[in-house]
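> quick check, what structure comes out for this input:
(chains A and B)
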Amino acid sequence: MKIGISFAVAVLAAAMMVENSAARGRRKDEQLIETTCTNTPDYELCIKVIREDPSCATAPLQDLALIVVAEIKRKTEEIIVGIEKLQKTGPEEMQPALTKCRSYYNAVMVGNIPVAEQTTWGNPKFAENAMADTKNEAVMCEKAFGKIPTPSPFTKENKYIADVAAVARGIIRNLL
Amino acid sequence: MYYKGYYHLFYQYNPNGSVWGNIVWAHSVSRDLVNWKRLDAAIYPSQHFDKYGCWSGSATVLPGGKPIILYTGITDEHNTQVQNYAIPANLSDPLLTEWVKPKNNPLIVADKWINKTAFRDPTTAWLGRDGLWRITISGVAMQTGIAHLYKSRDFLHWVKAKHPLHAVAGTGNWECPEFFPVAQSGNNGLDTSVMGPKIKHVLKISLDDTRYEYYTIGTYYTIPDRYVPDKGMIDNRNGLRYDYGNFYASKSFFDPSTHRRIVWAWANESDSVNDDVNKGWSGIQLIPRTISLDPNGKQLLLWPIKEIETLRANKVELNDKKLAKGEMVEIKGITVAQADVEVTFSFDSLDEAEPFDPSWDGYNAQKLCGQKGSTVQGGLGPFGILALASKNLEEYTPIFFRIFKAQDKHIVLMCSDATRSSLNNEDGAYKPSFAGFVNVDLTQKKLSLRSLIDHSVVESFGVQGKTCITSRVYPALAIGDEAHLFAFNNGTQSITIDNLKAWTMNKPEHMNQ
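From the prediction side, this is the model:
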């Protein structure tokens, strides 16, 4: 009986230790995300984007950056669909701006996203440049609409991509 | 590398696009460092030890004249880095068209103490008196930049030395390390293995987080196998640079045919990625420069190789031209967007030099140049040239000197300022005010400047190569025949152009086709 109780207590103690160390591990991962996001221009946005991916719980810094890059890729694909739609059906005065934006976001898709995906691990300066440029391309798309009479149909989307790119850049800076 | 009468240049290249990716070792050959012929890629991913990429490395020409390449291979999607070797398939082919990668690769992998995603760029090897080859491979540990040291008797089995060749806390990851000897007298270069009296060594590092390089001059202690920078050398981000502008991942080699040490560097684009995708190319190798030790022993001198002068055509010349404050003179009669300009300025007095405010950062020339550009009137300076200028100066890239007086000495600032280089105010455009200080004796009251101008790149050399600055610029107006070249003075002290020579630069006959 005594042995049985000791054994039970030992098992319980062991279980609590494992539980504690897992809890400590979770706190450490949360700490990584929080510290990382503090070093970006938009803490709230950073946390929001990262937490949307459940793998963030155990992701090292490089993979946190890649979570954000994946979000930029999704949004870029979406905006390209939107631009191409308007190129077919939109008003004539919008076409010059649409052509420019299509070009800017093409550069993001064929240039910056693949570079960021391939170099965040092991050669992050290229990923940093790619994210800095992505922000610029989004800003330039919005500015292209500033030059024509019709307002930009993509203000919210352009701003979102620019802001998330700035966050990605901030995260990647920690790797350098 | 030089082999059987040919210069060989290998460079990181993406055959599939104008952004980084699909990196192979492109290969070009030349007889004269000016005309180049492109060959097939020498090294490209093909084995488990480089499946995910063939990154930078170096060639060593072994005694007996056999070249061997050491390079960093990438082995997984996280860019794990290992060091491999490749040798020529056929040594009697002077073009060394084909290279083979033997099965006993990789030669070096990261041990448990080394960060395997920051472990790359093996150097040209040097042979110690003990018969052991040595190389350095760069990396980082907790923000301490490291030049790891490896030794080998047969060039195949490498053992990590107990301590690195050199390391500096707080400098971040090191890339493209360079370690070579320089002669204390004369301009000749030295083979990488040379040691002995009247020799100093140079360690050059490319800094991953700033994308600038810096070097120190010091002593290589062969018995402990350590490098120690000379007293007074700044051994961190504020140190001396081969070039204070767009100049990175540089690599030098010893040319045995002319006894020169020659350095190549990469200048990336400063326009947007969209521009690069549209124009279909991105990144250039700058004009090769010779490296020698300044007679003062405290810095290196870099100067364009003499062979580039074979492209000079129709010279124009200007002598004894005085420029008072606000005056400019136009240089005409050459293709100013593709030119070589050499000018010597002189002045009667140093008295007008404006004071150097003690609160200014004496290590941040770029910040000072940004605050005191060519349009900010000065005392002694700013004076220099306006390259790639539009007719009404909507666009121009000034390269100029400005002299300051600090307590007991004068400080010479040299700038190559891209701020007004282009009317394209796109958010993608990067227009920095690159600058460096020039350590020069002003007793002669002269300063010389040379600039090689080539459409979107200006390479400038202050005082025979004491301070070099490369700028990338993308004018919208000042292109082709619409580009102008001026010399100017915007300081209260009048200056004289003692002599200015400018040449049209022809294209080489063979431009890497």
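> let me know the secondary structure of the residue in chain A positioned nearest to chain B.
Residue nearest to chain B within chain A (C-beta to the nearest C-beta): A:Gly122, separated by 2.7 Å. Where you see a C-beta, it was placed from the backbone N, CA and C, and this is true even at glycine. Under the three-state scheme (DSSP: H, G, I helix; E, B strand; the rest coil), A:Gly122 adopts coil.
> surely it and B:Glu77 touch.
No - between A:Gly122 and B:Glu77 there is no contact under C-beta atoms under 8 Å: 9.5 Å.
> comparing the two, which residue is more hemmed in?
Neighbours per residue (other C-beta atoms under 10 Å in any protein chain shown) separate A:Gly122 from B:Glu77, with A:Gly122 holding more: 26 against 12.
> so who does the more buried one touch?
By C-beta atoms under 8 Å, 6 or more residues apart in numbering or on different chains, the residues touching A:Gly122 are B:74, B:78-81, B:117-118.
> going along the chain, name the helices of chain A.
With DSSP state H as the criterion, chain A has helices at A:2-38, A:43-51, A:61-89, A:95-107, A:113-119, A:124-146, A:155-173.
> worst average pLDDT in the ones you listed?
Mean pLDDT is lowest for helix A:2-38 out of those, coming in at a mean of 68.
> could you check the pLDDT of the residue of chain A closest to chain B?
Confidence at A:Gly122, expressed as pLDDT, is 93.
> single out the most deeply packed of the helices of chain A.
Comparing those by mean neighbour count (mean count of other C-beta atoms under 10 Å in any protein chain shown), helix A:124-146 ranks first with a mean of 24.
> who are the packing partners of that one?
Here helix A:124-146 touches helix A:61-89, helix A:95-107, helix A:113-119, helix A:155-173, helix B:273-279, going by 3 or more C-beta pairs under 8 Å, 6 or more residues apart in numbering or on different chains; DSSP states H and E.
> I'd like to know which of the ones you listed is closest to B:Ala478.
Closest approach to B:Ala478 among these (C-beta to C-beta): helix B:273-279, 17.0 Å.
> I'd like the average pLDDT over the helix or strand following that closest one.
Toward the C-terminus, helix B:273-279 is succeeded by strand B:284-285 as the next helix or strand (DSSP states H and E). Averaging pLDDT along strand B:284-285 yields 98.
> what pairs with strand B:284-285, parallel or antiparallel?
If you go by DSSP bridges, strand B:284-285 pairs up with strand B:260-267 (antiparallel).
> distance from the chain centre to the partner strand, please.
Chain-centre distance of strand B:260-267: 6 Å, with C-alpha atoms, centre = their mean, to the nearest Å.
> could you pull out the buried residues of that strand?
Of all the residues in strand B:260-267, those buried under the rule 16 or more other C-beta atoms under 10 Å in any protein chain shown are B:260-267.
> OK, contacts around the nearest residue to A:Tyr104 once chain neighbours are set aside?
Of all residues not flanking A:Tyr104 in the chain, A:Glu137 sits nearest, at 4.0 Å (C-beta to C-beta, 6 or more residues apart in numbering or on different chains). Contacts for A:Glu137 were tallied using C-beta under 8 Å, 6+ apart; they are A:104-105, A:107-108, A:112, B:272-274, B:428.
> dump those to JSON lines, plus distance to B:Gly5.
Formatted as JSON lines, these follow (distance: C-beta to C-beta, whole Å):
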{"residue": "A:Tyr104", "distance to B:Gly5": "48"}
{"residue": "A:Tyr105", "distance to B:Gly5": "49"}
{"residue": "A:Ala107", "distance to B:Gly5": "43"}
{"residue": "A:Val108", "distance to B:Gly5": "46"}
{"residue": "A:Asn112", "distance to B:Gly5": "43"}
{"residue": "B:Ser272", "distance to B:Gly5": "42"}
{"residue": "B:Val273", "distance to B:Gly5": "40"}
{"residue": "B:Asn274", "distance to B:Gly5": "43"}
{"residue": "B:Gly428", "distance to B:Gly5": "43"}
